[in-house]
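Enquirer: structure, please.
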Amino acid sequence: MKILNKLSRLVLIFLMLVAINACTTDDLDPTLEQNKLVEVDIKSDNNVYAILKGALSRLTATGYYGRDYIINNEVRTDNCFSNGNSGRFSTQAALDYNANTGFFWDEAFRVIASVNLIIAQVPEDLEGDKDYIKHMQGQAYVIRALVHFDLLKQYGQMNAGGTLGVPYVSEFATTLNAAKVNITPARKPVDECVTLIMADLAKGFDMMDVKYDISKTFINKFAAKAIESNVALYFKMWDKAITAAEAVIGSGKYSIIAKDNFVKSFEESPVVPNSIFELAFNDTDTRGINGLAYIYRGTSYGDVQVIDEVANIFHVDDVRKGILGFEGVRLRNMGKYPDMLGIDNVFIIRYEEIILNYAEALLEKGEAAKALAQLNLIASNRGIPAYTTVTKDIILDERRKELMFEGKRFDDLMRTGSDIKKYSSQQNFKATIPYGDFRLAFPIPKAEMDANSNMVQNAGY
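Expert: Below is the predicted model:
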């Protein structure tokens, strides 16, 4: 067989039988030689569980939620910059990247390959709890939607003047079905990607059973609705954003963290009541010097510094200001991801984000009074005066303060059609970057372009 294109190699995961039967996550990392089609022998719910754990573990990679995905969405905004202390993230912060940098493309498609393998199973053919297998397949559908959503936000052309999205990979290739699987997938239009994402979320929600929702470090039914709310908000589907947010709120499973516990809550996961879905980090997952803590603070790395003017956006009594601190004269994120070994769990979705989604969607639908009530749920738990009126800008400012350093800011700027304003000499780019600039979409990796004849590069690269 000829060497496959890079994306197809990621889709064709090489799983040795001994790795499957051992049911360990350490052995499930894909081989670098993913150009061989092999038989995959999955026999039980334990095997499916091991693959699911492996997919979640891949989300914690340094190139993905373990660091880079979050950091890239902060340094390209009005929150942070790269001071070049160890030479990291200066290129991203200056939006001066090129197609030689793949960013999280590989990591994302490795996750997708894993969950597609789970989705391809027939529960009745496997040993163990059939309902639990279906529940895990539901989680796999939701993870597939989440990862394609992440890819779409970073590589899609909707914020850079085009209509192309990303390849939507929904099949796992083995020796039995290889002839039927497209191993050189083309990019789908943005709107088609959104339709597929929403369909996967709906399918996953329907397949999951609340009796198996035992940990916030796994996808559950209401995490699916929370992700749906985020997708709907991003693409201005206000009714869907409202309905999905109401499902999460109506579940009664979550609450806004109280003001006295806000800073501390980032040290206590996974038991905090505002966590909807988070990724587990432990002693074996620790990223150490390659993790979030080391890049946000310290003298050995500490490249990602907070822009000085950020300290001025908080009300004097706002408890969220307690996340900030100084190392010498450098303003830092001191409160989120506090453990320098990198063993703090990483929140993917917090309940406060859903409340803010709900407020914004209500406002867009002309329900200002209801939107104001939701906004003030945040205000009353952060020590700031209640708002007497609500505007889009107020909600976006609250989102910035609430979700700062969690990798949400770039998405908010893009989905609202905002320029990335040059307002501080500390920012790495030289001038305001207007909405629609080609640099607001990452380039498709050169290795993928070279190998996949059906792939189209983003403009400007």
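
Enquirer: hang on, Arg287 packs against Tyr65?
Expert: No. Using CB atoms under 8 Å, Arg287 is not in contact with Tyr65; the gap is 10.4 Å. Any C-beta I mention is one placed from the backbone N, CA and C, and that applies to glycine too.

Enquirer: who's more crowded, those two?
Expert: Summary of the neighbour comparison: Arg287 and Tyr65, criterion other CB atoms under 10 Å, with Tyr65 having more neighbours (23 against 19).

Enquirer: let's see the pLDDT reported for that one.
Expert: We have a pLDDT of 97 for Tyr65.

Enquirer: Trp413 sits in which helix or strand?
Expert: For residue 413 the amino acid is Leu, not Trp. Taking DSSP states H and E as the definition, one finds Leu413 inside helix 409-415.

Enquirer: list the buried residues of the following helix or strand past that helix.
Expert: Using DSSP H and E, the helix or strand that directly follows helix 409-415 along the chain is helix 446-451. Within helix 446-451, the residues scored as buried using 16 or more other CB atoms under 10 Å are Lys446, Ala447, Glu448, Met449, Ala451.

Enquirer: next: stretch 87-106.
Expert: Along stretch 87-106, the positions that meet the burial threshold by neighbour count (16+ other CB under 10 Å) are 88-90, 92-95, 97, 99, 102-106.

Enquirer: which residues of the stretch 201-350 of the chain fall in helices?
Expert: Along the stretch 201-350 of the chain, counting by DSSP state H, counting those that start in this stretch, helices occupy 221-234, 238-250, 262-265, 292-296.

Enquirer: quick one: the residue minimising distance to the centre of the chain from Gly436, how far?
Expert: The residue at the geometric middle of the chain, judged as the C-alpha nearest the mean C-alpha position with CA atoms, centre = their mean, is Asp150 (5.6 Å). Here the distance between Asp150 and Gly436 works out to 21 Å (CB to CB, to the nearest Å).

Enquirer: related to what we said a few turns ago, touching the helix holding Leu413 from outside, list them.
Expert: Counting by CB atoms under 8 Å, 6 or more residues apart in numbering, helix 409-415 makes contact with 72-74, 76-79, 153, 159, 233-236, 396, 399-400, 403, 418, 420, 435, 440, all of which sit outside it.

Enquirer: pretty sure Leu164 is touching Ala186, no?
Expert: No. The pair formed by Leu164 and Ala186 falls short of the contact definition of CB under 8 Å, at 9.1 Å.

Enquirer: more neighbours: which of those two?
Expert: Leu164 (21 against 14).

Enquirer: for the more buried one, give its distance to Lys153.
Expert: 14 Å.

Enquirer: what about Ser229, how many neighbours?
Expert: One way to gauge burial is a neighbour count; for Ser229, by other CB under 10 Å, it gives 28.

Enquirer: ok, now which ones touch it?
Expert: Lys240, Ala241, Ala244, Ala245, Val248, Ile354, Asn357, Tyr358.

Enquirer: which of those residues lies closest to Ala258?
Expert: Nearest to Ala258 among the contacts of Ser229, counting by CB to CB, is Ile354 at 17.1 Å.

Enquirer: the closest one: what secondary structure?
Expert: Reduced to three states with DSSP: H, G, I helix; E, B strand; the rest coil, the structure at Ile354 is helix.

Enquirer: right, and it touches Gly250 too?
Expert: No. Using CB under 8 Å, Ile354 and Gly250 do not qualify as a contacting pair, with a distance of 11.2 Å.

Enquirer: on that earlier part again, now tabulate the contacts of Ser229 in CSV and tack on distance to Ser215, neighbour count and pLDDT.
Expert: As requested, the contacts of Ser229 are arranged in CSV below (distance: CB to CB, whole Å; neighbours: other CB atoms under 10 Å; pLDDT from 0 to 100):
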residue, distance to Ser215, neighbour count, pLDDT
Lys240, 27, 17, 98
Ala241, 26, 26, 98
Ala244, 22, 29, 98
Ala245, 23, 28, 98
Val248, 17, 27, 98
Ile354, 19, 28, 98
Asn357, 23, 25, 98
Tyr358, 25, 26, 99
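
Enquirer: follow-up on the earlier one: could you dump the helices of the stretch 201-350 of the chain into CSV and include distance to Ala145?
Expert: What follows is those, written out as CSV (distance: least, CB to CB, whole Å):
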stretch, distance to Ala145
helix 221-234, 7
helix 238-250, 12
helix 262-265, 27
helix 292-296, 24
